[in-house]
Each structure stands twice: as C-alpha cells, then as structure tokens.
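A structural model of the following input is requested.
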Amino acid sequence: MWQPHRRVIHSIRGGIFPSVELFDPGLGLKGIVLPAVNNCDLCDLRDYTQRYCEFVHPFKFTILDCDSCDTPMAVLGEHRSAPTEAEKSLMIEVLSAIARDKWGADSFFIDDVMRQIPDHCHLHARRRWRWQ
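Numbering: from 1, shown residues only. Predicted coordinates:
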C-alpha cells in the first residue's frame, strides 16, 4: 500500500516548496516526488481579465487588468517579491504606455505597493483623479 512517508523541501525556480515522497514500506522509497501546489494567483494568471501584452524577452512579464481593482498592472513572470532595477524600469515603461493610451499622459501614477499579494512582484497603474 502506498502512503506518504515524509515531507522533503525542494528548491524549484528559486523558491523553496515542500513536497511529499511516496513510500511503500515493503519495497522502499519509490522516488516519486509530488511538488506542493503553489497557490499564488499571480503565478496562475487566469484568462478572465483584459490582457494587454506578454513579454518573454529580456525577461517574462505580463500586462493585464487587475481583477481586484480593474486597473492595468504589470506582473513579473517569476514568483519573487523584488525585481531588479532593469526589470522594474522596463515594467514601468510598458505599463505607463498602456496607462497613457487608456487615460492620457498626466492621468495616472505607478503604484508599486503590493497589498494583497506581497510576495509576487506586481505594479499597478492607478488613475489620478482631479483632486489628486
């Protein structure tokens, strides 16, 4: 009878994720490893909001509408909280172009505070209202 034997920590794409090794007491370790499910909404990026563009070079990132606040946002393709300066600069440049097209040149600002998902890098283009 197969049963979970022990939890093992594996490094996958720069992050640390627990997994389970399956073990048959009569036959020894089978070598099957099931990685734990990563429940990050920004890693999944389901197709139910407007997508503007996706980049794979020089690094992976996507510009799409945030499903929480319905504003354009840039999402880094890797699950990490801090982009490099070059990554952040390019993400802001592309996100700003989308926001300028949507609202006008002086009608938005870039918000890099990650409120709901603080461990996956993303930036919002937020609309600047008249009183701001």
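
what ranges do the helices span in the chain?
Per DSSP state H, the chain carries helices over the ranges 41-44, 85-103.

Same list (these) but as CSV, adding distance to residue 55, mean pLDDT and mean neighbour count.
Bear in mind the C-beta positions are built from the backbone N, C-alpha and C, glycine included. Converted to CSV, the helices of the chain look like this (distance: least, CB to CB, whole Å; pLDDT from 0 to 100; neighbours: other CB atoms under 10 Å):
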stretch, distance to residue 55, mean pLDDT, mean neighbour count
helix 41-44, 15, 87, 14
helix 85-103, 7, 97, 16
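
looking at these, which is closest to residue 71?
helix 85-103 (8.3 Å; CB to CB).

Give the residue spans of the chain that score low on pLDDT.
Across the chain, the ranges flagged by pLDDT under 70 are 1-38, 130-132.
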